[in-house]
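Trainee: take a look and give me a structure for this.
(one chain, ligands or ions: 1)
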Amino acid sequence: MENFEHKQASVERIVGNASSESKEAFFNTLESASREQNVHNEMYREHEVEKTSEQIVLFDLALKSVNQLRVQRGMPPLDWTSDNLHIFKPFRIEEKGIPNHDGIFLTNEQQVWIERSDLSNLGDIKKMTHELLHAAGYNALQSDYVPELDVNLINTYRSGLYMQERFNEEMRAEGRKPQAYFRNWNEAVIESLTKQLCKEYKHPLLSQDRHDLESEIAAALEYPRHERSTRDELDDLAYVFGDVFFGGGNC
Ligand SMILES: [Zn+2]
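Mentor: Numbers count the residues shown, from 1 in each chain. Model (predicted):
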């Protein structure tokens, strides 16, 4: 197993039978992607919009807060800037083969994309926080060398709590795709952390929305008891699984 001292790439580790040199080379590719921010976006460029100065301030606030969660768990802060954020007018992100989302984190591109929220700054920072947490959780890739093809196959191994089975020769021979595990669990923990951070954000840009949010919460308290307990359980998720989400554990 390789463990790299990274600076800008949101990937902690690359596992697999590829050589140390090729893993390091891929790591360098991720670092340049993070710095340059212009790979693979061409198809979607027409949908991308310029970030507003408010969105840049909100992203910096979200990044700082998400990084605090990493640092609290002994992880280095993610050395990103608002350049890693890309804002799009609403379009079908699912064109890229990903289910329709209002945001995504792209590992190879080292970018987070969000659909601009027409409703509020709080809507924007919520989406930014959610996608940043995907980037800031423990991320590991698998890179396996296939001698017959003389290529290294790169795939996800861990992303937060989400895991993908390690691929092997048998799987390749059968043409079987690796199994994916814990996707929904990972999303639930991210939502829980997002909710927690959004409650803590203090910024003049959010004060109007905060007032609206408080009324929303007050209304939510009128919900029947079983709905409230689901909400409490969501908070517990962040508390119980936060360490594994950021720290990786031993796998
Ligand atoms: Zn998500």
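
Trainee: show me what counts as buried in stretch 180-199.
Mentor: Residues of stretch 180-199 classed as buried by neighbour count (16 or more other Cβ atoms under 10 Å): 182, 185-186, 188-198. Heads up, the C-betas are built off the backbone N, CA and C, glycines and all.

Trainee: of all those, which comes closest to Tyr138?
Mentor: Asn186 (10.7 Å; Cβ to Cβ).

Trainee: the closest one is in what secondary structure piece?
Mentor: helix 183-200 (DSSP states H and E).

Trainee: got it, and Asp144?
Mentor: Per DSSP H and E: strand 139-146 holds Asp144.

Trainee: restrict that strand to CA atoms and write it as PDB.
Mentor: Once non-C-alpha atoms are left out, strand 139-146 reads as follows in PDB (Å, rounded to 0.1, in the frame of the first residue of the first chain):
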ATOM      1  CA  ASN A 139     -10.400   8.900  -0.700                       C
ATOM      2  CA  ALA A 140      -8.400   6.000  -2.000                       C
ATOM      3  CA  LEU A 141      -8.000   4.700  -5.500                       C
ATOM      4  CA  GLN A 142      -7.000   1.300  -6.800                       C
ATOM      5  CA  SER A 143      -4.500   1.100  -9.600                       C
ATOM      6  CA  ASP A 144      -3.900  -2.400 -11.100                       C
ATOM      7  CA  TYR A 145      -1.500  -3.300 -13.700                       C
ATOM      8  CA  VAL A 146      -2.900  -5.600 -16.500                       C
END
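
Trainee: residues in contact with the residue found closest to His130 once you drop the neighbours it is linked to in the chain?
Mentor: Setting aside the residues directly before and after it, His130 is nearest to Thr194 in space (Cβ to Cβ, 6 or more residues apart in numbering), at 4.8 Å. Counting by Cβ atoms under 8 Å, 6 or more residues apart in numbering, Thr194 makes contact with Lys126, Thr129, His130, Leu133.

Trainee: hang on, Glu109 packs against Ala33?
Mentor: Yes: at 5.6 Å, Glu109 and Ala33 qualify as touching, with contact defined as Cβ atoms under 8 Å.
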